[in-house]
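> show me how the following folds:
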Amino acid sequence: MITYYAAGDVPVFMLALVNKGQRADISQAERNALKGELAELEADYRLGAQAKVKQLRGGRND
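Next up, the predicted model:
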């Protein structure tokens with residue numbers, strides 16, 4: 001199992017399940033690409049959470 005933990009305000013994401021016989025390591029290029037995608041995922045999650053809080057507050061920015 002490959003997981004990603006960003007911070008306390010972002011849930012842990014399960015990215016993949018890997019069979020025991022499959023390659024478990026990823027190349028540096030793959031890690032770099034994944035790092036960029038995960039940063040976007042983290043930012044998108046935070047924006048969505050902020051929008052939901054604003055909606056629940058009735059549009060107020062308390």
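
> could you use CA atoms for every contact and neighbour count after this?
OK.

> who's in contact with Arg46?
Shown in contact with Arg46 (CA atoms under 8 Å, 6 or more residues apart in numbering): Val10.

> so it belongs to a helix, correct?
Yes: counting by DSSP: H, G, I helix; E, B strand; the rest coil, Arg46 is found in a helix.

> next one: it from Ser27, what distance?
28 Å (CA to CA, to the nearest Å).

> quick check on Leu38: phi, psi?
phi -70, psi -40 (degrees, to the nearest 10).

> tell me how far it lies from Ala6.
Between Leu38 and Ala6 the distance is 9 Å, computed by CA to CA.

> what segments of the protein are strands?
With DSSP state E as the criterion, the chain has strands at 2-4, 13-16.

> who does the first one pair up with?
Looking at strand 2-4 with DSSP bridges, its partner strands are strand 13-16 (antiparallel).

> output the strand it pairs with in PDB with nothing but the alpha carbons.
Taking Å, rounded to 0.1, in the frame of the first residue of the first chain, the C-alpha atoms of strand 13-16 are listed here in PDB:
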ATOM      1  CA  PHE A  13      -4.700   9.400   0.900                       C
ATOM      2  CA  MET A  14      -4.300   5.800  -0.300                       C
ATOM      3  CA  LEU A  15      -2.600   6.000  -3.600                       C
ATOM      4  CA  ALA A  16      -2.100   2.400  -4.700                       C
END
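
> not counting its own residues, what contacts that strand?
Identification of contacts with strand 13-16 by CA under 8 Å, 6+ apart yields Met1, Ile2, Thr3, Tyr4, Tyr5.

> distance to Lys52, pLDDT and neighbour count for these - can I get that in a markdown table?
Output for those, formatted as a markdown table (distance: CA to CA, whole Å; pLDDT from 0 to 100; neighbours: other CA atoms under 10 Å):
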| residue | distance to Lys52 | pLDDT | neighbour count |
| --- | --- | --- | --- |
| Met1 | 30 | 75 | 10 |
| Ile2 | 28 | 78 | 10 |
| Thr3 | 25 | 82 | 10 |
| Tyr4 | 23 | 86 | 13 |
| Tyr5 | 21 | 87 | 13 |
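
> returning to that earlier point: and Leu38 and Ala6? Which one has more around it.
A direct count of neighbours by other CA atoms under 10 Å for Leu38 and Ala6 places Leu38 higher, at 17 against 13.
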